[in-house]
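*Asks:* Need coordinates for the below:
(chains A and B)
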Amino acid sequence: MSKFVLRLPELLGYFMVETMKSVTAKLKLFGPVLTLRCSYSSTTDQALLLNEFTRLCYQRDLPRALKVMDSLQSHGLWADSAAYSELIKCCLSHRAVYEGNLICRHLYRNGHQPMMFLVNVLINMYVKFNLLNDAHQLFDQMPQRYVISWTTMISAYSKCKLHQKALELLVLMLRDGVRPNVYTYSSVLRACNGMSDVRMLHCGIIKEGLESDVYVRSALIDVFAKLGEPEDALSVFDEMVTGDAIVWNSIIGGFAQNSKSDVALELFKRMKRAGFIAEQATLTSVLRACTGLALLELGMQAHVHIVKYDQDLILNNALVDMYCKCGSLEDARRVFSQMKERDVIAWSTMISGLAQNGYSQEALKLFESMKSSGTKPNYVTIVGVLFACSHAGLLEDGWYYFRSMKKLYGIDPVREHYGCMIDLLGKAGKLDDAVKLLNEMECEPDAVTWRTLLGACRVQGNMVLAEYAAKKVIELDPEDAGTYTVLSNIYANSQKWDSVEEIRTRMRDSGIKKEPGCSWIEVNKKIHAFIIGDDSHPQIIQVKRELNQLIHILIGIGYVSETNFVLQDLEGEQMEDSLRHHSEKLALVFGLMTLPSEKVIRIRKNLRICGDCHVFCKLVSKLENRSIVIRDPIRYHHFQDGKCSCGDYW
DNA sequence: GTAGGGTTAG
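*Replies:* You can find the predicted model right below:
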């Protein structure tokens, strides 16, 4: 047996040609090793062609390389399936869509059906290129489909959130008599729309004895958490003997997304104690948890660990959001401006963040920069833009963006867009136009839409319309305690005592209790909660004493409790609760008592701030020369020097 | 040999 090695001009690859029975050419192409085989003696022609083929591949000139492959074939040298697979991998790693298509056509030419393994590789390639239609076409053409082909398609649809499609394929797969395996289950679980889907799949998993697979488990944990079943998620998690980092990320992420930020942070501590290092996905969830609880100090602490991933897009987006939601706009702006890459989420986060914090003009300016940068806005971006308009009463701008969104960006208005416009029109005194728009909606208005109109009625003092809107809210969301209170107040104001009694009975009978007002403040990395009617805070007596003294001083400089605005506690704390001890006032006084004087006092609350507390905060900011930020469920109020960033328009 | 789990705006 003689053997010779041809050195390539680039010395990048090598191949050995063994005379006698077989020819093996190993070509080192961008890393992977490519093998071509033939069944009889090599010739000089083959050697030269192989040389040429390597050179072209190295130069990434795949069109010509494929032509050389044809010539090799006519010389009896066939690329095997592994060779094609390697070529496809090269296309994938270089995102070479055009070349990938060429290989596909090369494989299918003359009506030839490539072997199933290769079709699976091709389908996967199209999936990774986000060309799902092409992938599905190849899938449909397959004479037979085994579990990998099905799983590749199901996973593709799951990943791009075409959940219904993924589930439909699973049904077809089962009907075809193909049994799902751990790969199928782990990818289809995230497509579940409700717990009934999950329960069904879970049964299948247990029946097949696949529940110990770590991928299946983390997918289960994730879907349980996302569908609001944290107990189930925890029980699957606790049953695991070996977990790995990803499972921790699943469970922490699950709780962070499920408004259980405190549990998420507890689990994060456990994860660290167990010796796992927090990486991007973990830190992103931790940031989200901090965002949910408005824990600026803790978020800043997380930021220190993030510095090493300083150009991670998702982490930076989460960071911008955290700073915006914690009311620290300077930090948000700084992170945003230092980002080298910004996607639509980055821009939308910053635009909404500015809008929620009362910087509407800056938000609209940023939207212009976004457009110049070439990033295409999506419907979330437009929600942020309209939000900016509605919070600043920018009627003309609002109409312009609302009317042009379809034409300029191809985005159909949905409920959220209509909601912003109804808010904008209503609060600007154009309640008739708001109602007109509500009636023109292409989608059915929901409880949120009607609640928006109700909010506008509060500002305008339109009791008749408020009553109508409140009734609609209760019709659509019978559990909404706040709206019952509003309705009852409306009736009380017009002396309809029978109706007041009726509402109270209805609330009592259906066990609906009003959510008590609660405010949180972070002091020394610890959260302090102040809840109406709950005196469990260890310093509550001292806090109340200080508050009374402060109110006394404020009265001396002209403070009058705003108790006469009948609808003022719309979605806010009840009239019968003492205005004097509203939770944000308690939290504010606690902040004054405990935080150093240069620190901004940041408070998060569960209900909307009432008119009296708003006046109170403005006066305190001037009297004590403090910056105060209050985040309510809808927006933020930055108080400084006796003024609020909302311009008293909220 | 080809397929699978966790992270960001609303």
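*Asks:* What residue spans form the domains of chain A?
*Replies:* A:1-112, A:342-397, A:416-514, A:518-644 (automatic domain parsing).
*Asks:* which one of these is the most hemmed in?
*Replies:* domain A:342-397 (a mean of 20; mean count of other C-beta atoms under 10 Å). C-betas here are computed from N, CA, C, even on glycine.
*Asks:* Now do the helices in the stretch 351-500 of chain A.
*Replies:* A:360-373, A:379-392, A:395-409, A:415-427, A:431-440, A:447-460, A:463-476, A:481-493, A:497-509 (DSSP state H, counting those that start in this stretch).
*Asks:* now swap in the stretch 1-150 of chain A and tell me
*Replies:* Using DSSP H, counting those that start in this stretch, helices in the stretch 1-150 of chain A cover A:44-58, A:62-74, A:81-93, A:97-108, A:116-128, A:132-141, A:147-159.
*Asks:* element containing A:R604, please.
*Replies:* If you go by DSSP states H and E, A:R604 is part of strand A:601-605.
*Asks:* could you point out which element follows the helix ranked longest in chain A?
*Replies:* Across chain A, the longest stretch assigned as helix under DSSP state H is helix A:540-556. Once the chain leaves helix A:540-556, the next helix or strand it forms, by DSSP H and E, is helix A:583-594.
*Asks:* Check which helices and strands that next one is in contact with.
*Replies:* Packing partners of helix A:583-594 (3 or more C-beta pairs under 8 Å, 6 or more residues apart in numbering; DSSP states H and E): strand A:518-523, strand A:526-531, helix A:540-556, strand A:601-605, helix A:611-623, strand A:628-631.
*Asks:* Give me the mean pLDDT for it.
*Replies:* When pLDDT is averaged over helix A:583-594, the result is 94.
*Asks:* my guess is A:L623 meets A:G556, correct?
*Replies:* No - A:L623 lies out of contact with A:G556 (C-beta atoms under 8 Å); the separation is 10.2 Å.
*Asks:* Identify the contacts common to the two.
*Replies:* Here A:L623 and A:G556 share no contacting residue, scored by C-beta atoms under 8 Å, 6 or more residues apart in numbering.
*Asks:* I'd like the distance between A:M200 and A:L167.
*Replies:* 10 Å (C-beta to C-beta, to the nearest Å).
*Asks:* Return the residues of the stretch 251-400 of chain A in contact with DNA strand B.
*Replies:* Neighbours of DNA strand B within the stretch 251-400 of chain A, by C-beta under 7 Å from any atom of the strand: A:253-254, A:256-257, A:279-282, A:284-285, A:288, A:291, A:313-315, A:317-318, A:321, A:343-346, A:348-349, A:352, A:378-381, A:383-384, A:387.
*Asks:* Please list the residues outside the longest helix of chain A that contact it.
*Replies:* A:530, A:535, A:537, A:559, A:580-581, A:585-586, A:589-590, A:592-593, A:616, A:619-620, A:623.
*Asks:* nearest to DNA strand B, of these?
*Replies:* A:F530 (24.7 Å; C-beta to the nearest atom of the strand).
*Asks:* OK, contacts around that closest one?
*Replies:* A:518-521, A:537, A:540, A:543, A:583-584, A:586-587, A:590.
*Asks:* one step back: among A:M200 and A:L167, which residue is more densely surrounded?
*Replies:* A:L167 (19 against 11; other C-beta atoms under 10 Å).
*Asks:* No further questions, thank you.
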